[in-house]
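**Q** Build the 3D model from these lines:
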Amino acid sequence: ALTYLQNELPLFIVDEDADLARLMRGHVGEAPSLFEVLRRVTELHQEIAFRSRPAIDLLQILKKQLRGLTYSEQKSLRDLATSLRTDMAMENSKLLPLAKKLLTDEELAELRSAMFQRRLSDFRDHRASGA
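**A** Numbers count the residues shown, from 1 in each chain. So this is what the prediction gives:
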């Protein structure tokens, strides 16, 4: 969970906020609901960012010394999980079907390339730091 929150989740969010959303905004006129879907996804990503930091801090503490969780710690993790599930549901039911319908082959290739380059850069950064 800690590795996901620290390494993978930020990449997915940047993929969507920086690349997918930019490409999708070029198609707002083709799908009336697209603007609202993009707005909601942005809100969910802000909520996830807000809820992730305390969860990461808590998981780092637990990694060093395993112990039972307080009610507020349980609630913090549960609230983050709820935000992540809501985001995934929104993306799977609304955003990705619109992307599949609207994005051109060239835009999909651009998106794939940006995602690949971001992960390649992240991989290089981890290798350079000895991680």
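**Q** for the chain, longest helix please?
**A** In the chain, taking DSSP state H as the definition, the longest helix is helix 34-64.
**Q** Flag every buried residue along that one.
**A** The neighbour-count check on helix 34-64 (16 or more other Cβ atoms under 10 Å) flags 34, 37-38, 40-41, 44-45, 47-48, 51-52, 55-56, 58-59 as buried. C-beta: built from backbone N, CA, C; applies to glycine.
**Q** How about residue 2: what's its closest non-neighbour residue?
**A** Among residues not flanking residue 2 along the chain, residue 59 sits closest, at 4.4 Å (Cβ to Cβ, 6 or more residues apart in numbering).
**Q** swap that for residue 102, sorry
**A** Of all residues not flanking residue 102 in the chain, residue 27 sits nearest, at 4.2 Å (Cβ to Cβ, 6+ apart).
**Q** any idea how far that neighbour is from residue 112?
**A** From residue 27 across to residue 112, the span is 18 Å (Cβ to Cβ, to the nearest Å).
**Q** and the residue nearest to residue 102, what does it touch?
**A** 34, 98, 102, 103 (Cβ atoms under 8 Å, 6 or more residues apart in numbering).
**Q** phi, psi of it?
**A** Dihedral pair for residue 27: phi -120, psi 10, per degrees, to the nearest 10.
**Q** Equivalent analysis for residue 68, please.
**A** Dihedral pair for residue 68: phi -70, psi 160, per degrees, to the nearest 10.
**Q** This completes my enquiry, with thanks.
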